[in-house]
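Asks: the following comprises the amino acid sequence and a computationally predicted model.
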Amino acid sequence: MQLNQESPIANQLRNMVVNRQLSCARCGYDLKSLSADSNCPECGEPIRLTIIDSVDPASRRLPPIENPFATGNALVGVSVFLFLSVSCAVLVLLSKSPSSLPIPSVIRTLNDPIWLCVSSALAGLAFICLTPIMRMCRRGLIQGCKLGIALTGLGLLSFAILMGASRWVVLGGVDRSAVLTLLFDSILPLISLGIAFTGLRRLVPRLGQRSREFRLAQGSRQRMNDLLAALLFAAIGRIFILISSHDSNLATLGMIIMVLSITLIVVGLIYLIRNTLWIRSALCSPPPSLGQLLKPKS
């Protein structure tokens, strides 16, 4: 079979040479000034395969995003501040755990309203980081992300408000009803996080199509459905604690389920930060076009 039948791009590469520094995908040899339809002199890898890998045709076919630097930085900022906000809220929650659980004493000292205020402020910063993407979406500069951005913003804003309200309900020094405490220390914040995760579930994969690392990642790519499932189990564990007597087996089981679920959420948010860093890198340093990479033979 002829080469141009095997690879349609071969016709475009004929009589072209590599115009810039380009490392071979297999061995790293510099292919600059070599014929685009030849092979790497070091390892024999067809240069066209390295060109296809460098150009990333899948991302080049997508419509351009205006101000990609602001979009990438905003997405990373949302994930980082959301992670920090959730971490502060988790530490306060663990500080109120039953004495039967082996929680480090340093965490139990965090039973202070200031940490809920810090969590609220960090969630507010995550919402502020989202505003550049909101503005670009309103002007039509980002296509197909309106619902994801709206849900993410609603979830972040409601989580920030709930963390501020929890400072008075949970740690305000006044005895509240068990149901009211349950709502503000777990259920309502989990629902608001669920809304934010649902929005990110629609937003991150769409922007992630511009990153080869994100598209090809399997085990290291965070799927928001896993975080939504962890939120559900965290709510179930908290309900077990509410309906059981203090330090009973059911309360201990509920706390274990809740701690494991929250741990999965925190780890998942770390993976989300990594994913958004991939997307930011692809937005800020997009792959070159064929015209930038190649030039006609002189």
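Replies: Perfect, thanks for sending it.
Asks: what about this protein, any weak spots by pLDDT?
Replies: The model of the chain has pLDDT under 70 over residues 1-11, 97-102, 140-144, 170-176.
Asks: tell me the domain boundaries of it?
Replies: Residue ranges for the domains of the chain, per automatic domain parsing: 3-55, 68-284.
Asks: need those in CSV with mean neighbour count and distance to residue 295, can you?
Replies: Where you see a C-beta, it was placed from the backbone N, CA and C, and this is true even at glycine. What follows is the domains of the chain, written out as CSV (neighbours: other C-beta atoms under 10 Å; distance: least, C-beta to C-beta, whole Å):
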stretch, mean neighbour count, distance to residue 295
domain 3-55, 16, 4
domain 68-284, 18, 24
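Asks: so for residue 293, which of those sits nearest?
Replies: Nearest to residue 293 among those is domain 3-55 (6.2 Å), distances taken as C-beta to C-beta.
Asks: ok so, going back, now render the domains of the chain as CSV, adding distance to residue 290.
Replies: Shown next, in CSV, are those (distance: least, C-beta to C-beta, whole Å):
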stretch, distance to residue 290
domain 3-55, 6
domain 68-284, 16
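Asks: and the ones you listed: which comes nearest residue 291?
Replies: Residue 291 sits nearest to domain 3-55 of all those, at 9.0 Å, using C-beta to C-beta.
Asks: which residues in the protein form strands?
Replies: With DSSP state E as the criterion, the chain has strands at 16-18, 294-296.
Asks: and those strands as CSV, adding distance to residue 262?
Replies: Shown next, in CSV, are those (distance: least, C-beta to C-beta, whole Å):
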stretch, distance to residue 262
strand 16-18, 51
strand 294-296, 51
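Asks: nearest to residue 298, out of the domains of the chain?
Replies: Closest to residue 298 of the domains of the chain, according to C-beta to C-beta: domain 3-55, at 8.2 Å.
Asks: follow-up on the earlier one: and the domains of the chain: which comes nearest residue 294?
Replies: Distance to residue 294, taken as C-beta to C-beta, is lowest for domain 3-55 among the domains of the chain, at 4.3 Å.
Asks: show me how far the closest one is from its chain's centre.
Replies: Domain 3-55 sits 34 Å away from the centroid of its parent chain (C-alpha atoms, centre = their mean, to the nearest Å).
Asks: equivalent analysis for stretch 209-226, please.
Replies: On the basis of C-alpha atoms, centre = their mean, stretch 209-226 sits 9 Å off its chain's mean C-alpha point.
Asks: quick one: end-to-end distance for it.
Replies: Start-to-end span of stretch 209-226 (C-alpha to C-alpha, to the nearest Å) is 20 Å.
Asks: what's residue 147 in contact with, if anything?
Replies: The contact partners of residue 147, taken as C-beta atoms under 8 Å, 6 or more residues apart in numbering, are 199, 202.
Asks: brilliant, that's me finished.
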